[in-house]
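>>> Have a look at this prediction, sequence included:
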Amino acid sequence: MILLEISAIPLLLSLFSVSVRQSAFVTRVSAILMYLQTLLVSWIMLRCWSNPEMLNSLPVNFRPDRTGLIFLILITVVVTAAVSHAVTYFEWEGKNSHSPAIQSIRRFYIVMPLFLLAMYAVCLSDHLGYLWISLEATTILSTPLVYHYRSSASLEAAWKYLIICSVGIAIALFGVAVLFAASQTISAFPDGTLSLSALSAYASQLPPHMLRFAFILLVLGFATKAGLFPLHNWLPDAHSEAPAPASAVLSGGLLNCAMLGLWKITQLMAAAGSADFARTVLLILGTATVVVGSGFLIRQRNIKRLLAYSSMEHMGLLAVTVALSSWEGFVFQAINHSLIKVALFLLTGNLLQEYGSKRIKDLRGLLSLSPLHGFILLAGFFAITGTPPFGLFFAEWITLVSAMAKGLTEVIILLLAALSVVFIAMSIYLVGMIFGESPKTLSQLRDNSLARFAVPLILILMSLAFGFATMPIALLTRGGIL
Amino acid sequence: MIPDGVLHTIPIAAVTLALIMLSVTRLPLLITVYAVQTGLLGAFAIIRGMQKPETALFAAGAAVFLIKGVFLPLYLSRMAKRVGCRKDSSVLISPGVLLLLLSSGIAILILILVPVMKDVIPENTLPGFAILLSSLVFMITRRTALAQVLGFLSLENGVFLYSISQHHSMPLVIEIGALLDILAGSMVAGILIFRIKDRFAHVDVTTLRELRG
């Protein structure tokens, strides 16, 4: 019943979009429906949270844990934000650019709800097999979103995205198969099982060598999908070539799904008593991703690639929280990164339209053109680099404290160094963008109405509120140290 | 009934075919080699499913045989004709040398590594893992988009082979779900290949290097 309730609106939306002829109509209807969907999903998930027995009405392999419930709400919020900003985004394109092809917009709205459903399935799955199938489905369904603009660059990005992620995910399937073979040694399941809760319950009976082999393969697959180093090549391409609303969903929604898979199998490893092995693997991957991501940030000329590498860096941080098994760190980091990164992708989407360029050098003097845009971008910059009192600061604080509690000084030093590099690199670019002199060809923004920046503003305010709400939790976290 | 001895040669034949793919450059032949490999694996699952008997294994084998072994090769060869792609040369190393290197690599893996790491890599993992590895190398060294799709499909064959050589194969729902994902992925890749052909007048994906850094 719950499954039907949360998938009804997206299915309806996708079907409805097949037949539309007017882009203004479909964008508005989708935005309204997605707001309804957010209310519905939040209401159902919060009820499930307070009363876990409700989950028993779900099919046995689709009973999410608490992390899954939170991620379901988060992903719905991300898609809703993207879709409601898309109203003004596509409207601007229709007015000011020569190719407002209704086919592209229609395709966007057919694919996006299905993509959302595939992400739901990832969050709901308590079964590695279904989790795998839905994760591969997200790749296939989001490829058309990357290839939205029909340019040669977006074609290249879509191709790389499809092939690299599919191969990565295929390796994860091998891991699923190995785990299934391993599960056949559990006396309670002679036929084998892939149910995560069943596997965790009997984890001590799994042969450790096979489990580790499976873990490595699964990590390879999920890390590809999450854009962790060294399997990140597709990420900046796909995120920079997709239209702004799609980039926002790819970065704020899809990456979380892959991280959720990583979280689940790491918890399984911990239940099986191989937590140290999992931690070592993920700490190396995560720290390397943060360091490499921050390195790429330094020499970026393209604003969307800058944001993509920032996502990569945050995925590295998330991998570190997974390694440390710090639930608060993981969830807070994921929520705040999604909120702010979506805001930034949507906001820069406006800038790319107005300035007609993705090059950071060309995007100058925002404050003189539109003070509010400039101000929100500045707030977003402070939020994404983890400045207090924004939520990311407290998330990163929790992560670092729990790393400290485990005595991982070298990891902390590397992370702090990389985070400072990110702060400096981004502030240098941002100062030019916000305070610099605006280009002579542009005297004012063509559309400077409230609708253009309402969604990013709300998201950043949400992250700010989240920061205040989680401040006590973060400051009380001792992670075992006095 | 088919004797066990014959049945056991099928995985080895499949590995050999995956290695042969490395040395083939003519695209129609490449598709044929892939189709034979997949057909063999499908048949392997069907026969094992009948012998056990296990309906799920039989059904999974039949589905793989039909979709991956018959339909997709036909789709790919039609596409190869339409984009006018007949040859796929290898980057980096010549295909013959590559075949030699990788087969000796796998031989070394079997002779040296396996006795040492018996607990880590169970013996029946090997054929599937060998196909996975050689397909990965295949994908890295090939130029055309079509060959990459073939490499991906052959890689999935490795996973399938591993899954069906276990005591119990994976649940049918999962096998079919994975198969449908692969089918959908190949169709999307097919659409992209047409676009690549339209825009660049060739399907050599190694030349797509606009996005860097």
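The structure has been received and is ready for your questions.

>>> The residue nearest the centre of chain B: what's it in contact with?
By C-alpha atoms, centre = their mean, chain B has its centre lying nearest to B:Ser154, at 0.9 Å. Shown in contact with B:Ser154 (C-beta atoms under 8 Å, 6 or more residues apart in numbering or on different chains): B:18, B:21, B:34, B:37, B:131, B:135, B:138. C-beta coordinates here come from the backbone N, C-alpha and C atoms, glycine included.

>>> Please narrow these to those residing in helices.
Among the contacts of B:Ser154, the members found in helices (DSSP state H) are B:18, B:21, B:34, B:37, B:131, B:135, B:138.

>>> and A:Ala270, what does it touch?
Per C-beta under 8 Å, 6+ apart, neighbours of A:Ala270: A:278, A:325.

>>> and which of the ones in helices among the contacts of B:Ser154 is nearest chain A?
Nearest to chain A, judged by C-beta to the nearest C-beta, of the ones in helices among the contacts of B:Ser154 is B:Ser135 at 8.9 Å.

>>> Now for the closest one, how many residues are close by?
26 (other C-beta atoms under 10 Å in any protein chain shown).

>>> What sits closest to it if chain neighbours are left out?
B:Leu155 (3.8 Å; C-beta to C-beta, 6 or more residues apart in numbering or on different chains).

>>> give me the residue from chain B nearest chain A.
Nearest residue of chain B to chain A, counting by C-beta to the nearest C-beta: B:Ile174, 3.6 Å away.

>>> right, and that residue touches A:Ile133 too?
Yes: between B:Ile174 and A:Ile133 there is a contact at 7.0 Å, judged by C-beta atoms under 8 Å.

>>> surely B:Pro171 meets A:Ser183?
No: using C-beta under 8 Å, B:Pro171 is not in contact with A:Ser183, being 11.4 Å away.

>>> Which neighbours do those two have in common?
Common neighbours of B:Pro171 and A:Ser183 (C-beta under 8 Å, 6+ apart) are A:Leu194.

>>> Comparing the two, which residue is more hemmed in?
A:Ser183 (28 against 20).

>>> Quick one: list the elements packing against the worst-scoring helix or strand of chain A on mean pLDDT.
Lowest mean confidence among the helices and strands of chain A (mean pLDDT, DSSP states H and E): helix A:366-369, at a mean of 84. Judged by 3 or more C-beta pairs under 8 Å, 6 or more residues apart in numbering or on different chains; DSSP states H and E, the packing partners of helix A:366-369 are helix A:371-384, helix A:409-435.

>>> any idea of the mean pLDDT in the longest one?
Per-residue pLDDT values over helix A:409-435 give a mean of 90.

>>> What residues sit buried inside that helix?
For helix A:409-435, burial by neighbour count (16 or more other C-beta atoms under 10 Å in any protein chain shown) applies to A:411-412, A:414-415, A:418-419, A:421-423, A:425-426, A:429-430, A:432-434.

>>> chain center to that helix, what's the gap?
Centroid separation for helix A:409-435 versus its chain: 21 Å, with C-alpha atoms, centre = their mean, to the nearest Å.

>>> after it comes which helix or strand?
Next along the chain after helix A:409-435, taking DSSP states H and E as the criterion, comes helix A:450-476.

>>> Check which helices and strands that following helix sits against.
Here helix A:450-476 touches helix A:66-96, helix A:327-355, helix A:371-384, helix A:391-405, going by 3+ C-beta pairs under 8 Å, 6+ apart.

>>> mind putting those helices in CSV, mean neighbour count, distance to A:Pro243 and mean pLDDT included?
Output for the helices and strands packed on helix A:450-476, formatted as CSV (neighbours: other C-beta atoms under 10 Å in any protein chain shown; distance: least, C-beta to C-beta, whole Å; pLDDT from 0 to 100):
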stretch, mean neighbour count, distance to A:Pro243, mean pLDDT
helix A:66-96, 22, 7, 91
helix A:327-355, 26, 7, 92
helix A:371-384, 21, 19, 90
helix A:391-405, 24, 25, 90
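
>>> Of all those, which one is nearest chain B?
Per C-beta to the nearest C-beta, nearest to chain B of these: helix A:327-355, 16.0 Å.

>>> which other helices and strands contact that closest one?
Packing partners of helix A:327-355 (3+ C-beta pairs under 8 Å, 6+ apart): helix A:66-96, helix A:244-249, helix A:255-271, helix A:303-323, helix A:371-384, helix A:391-405, helix A:450-476.

>>> now those in CSV, with distance to B:Leu109?
Shown next, in CSV, are the helices and strands packed on helix A:327-355 (distance: least, C-beta to C-beta, whole Å):
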stretch, distance to B:Leu109
helix A:66-96, 38
helix A:244-249, 42
helix A:255-271, 26
helix A:303-323, 29
helix A:371-384, 45
helix A:391-405, 37
helix A:450-476, 48
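
>>> so how far is the host helix or strand of A:Leu116 off the chain centroid?
A:Leu116 is part of helix A:102-124 when elements are defined by DSSP H and E. Per C-alpha atoms, centre = their mean, the displacement of helix A:102-124 from the mean C-alpha position of its chain is 15 Å.

>>> so that helix versus helix A:66-96, what angle?
170 degrees (axes from the mean of the first three to the mean of the last three C-alpha atoms, to 10 degrees).

>>> Could you list every helix and strand that helix A:102-124 packs against?
Other elements packing on helix A:102-124 under the criterion 3+ C-beta pairs under 8 Å, 6+ apart are helix A:2-18, helix A:23-50, helix A:66-96, helix A:128-146, helix A:244-249, helix A:255-271.

>>> Just list what the second one packs against, helices and strands only.
Under the contact criterion of 3+ C-beta pairs under 8 Å, 6+ apart, the helices and strands touching helix A:23-50 comprise helix A:2-18, helix A:66-96, helix A:102-124.

>>> what does the average pLDDT come to for that helix?
Per-residue scores along helix A:23-50 average to 90.

>>> Now it: buried residues?
A:23, A:26-27, A:29-31, A:33-34, A:37-38, A:41, A:44-45, A:48.

>>> For those residues, give me CSV that also has distance to B:Leu180.
Below are the buried residues of helix A:23-50 laid out as CSV (distance: C-beta to C-beta, whole Å):
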residue, distance to B:Leu180
A:Ser23, 31
A:Val26, 28
A:Thr27, 31
A:Val29, 30
A:Ser30, 27
A:Ala31, 31
A:Leu33, 27
A:Met34, 27
A:Gln37, 26
A:Thr38, 30
A:Val41, 26
A:Ile44, 28
A:Met45, 28
A:Cys48, 29
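
>>> hang on, the earlier thing: how about the residue of chain B closest to chain A: what's its closest non-neighbour residue?
With C-beta to C-beta, 6+ apart, the residue lying closest to B:Ile174 is A:Gly129, at 3.6 Å.

>>> The one you found and B:Ile176 touch, don't they?
No: with contact defined as C-beta under 8 Å, A:Gly129 does not reach B:Ile176; the gap is 10.6 Å.

>>> and these two? which has more neighbours close in?
A:Gly129 (24 against 17).

>>> Which single residue of chain A ends up nearest chain B?
For chain A, C-beta to the nearest C-beta, closest residue to chain B: A:Gly129, 3.6 Å.

>>> Now do the same contact list for that residue.
A:176, A:180, A:194, B:170-171, B:173-174, B:177.

>>> now, the most widely separated pair of those residues?
A:Phe180 and B:Gly177 (13.8 Å; C-beta to C-beta).

>>> Comparing these two, which residue is more hemmed in?
Applying other C-beta under 10 Å to A:Phe180 and B:Gly177 shows that A:Phe180 carries more neighbours, namely 26 against 19.

>>> so is that one in a helix, a strand, or just coil?
What DSSP: H, G, I helix; E, B strand; the rest coil gives for A:Phe180 is helix.

>>> hang on, it packs against A:Asp191?
No: the criterion here is C-beta under 8 Å, and A:Phe180 misses it with A:Asp191 at 9.8 Å.

>>> intersection of neighbour lists for the two?
Common neighbours of A:Phe180 and A:Asp191 (C-beta under 8 Å, 6+ apart) are B:His168.
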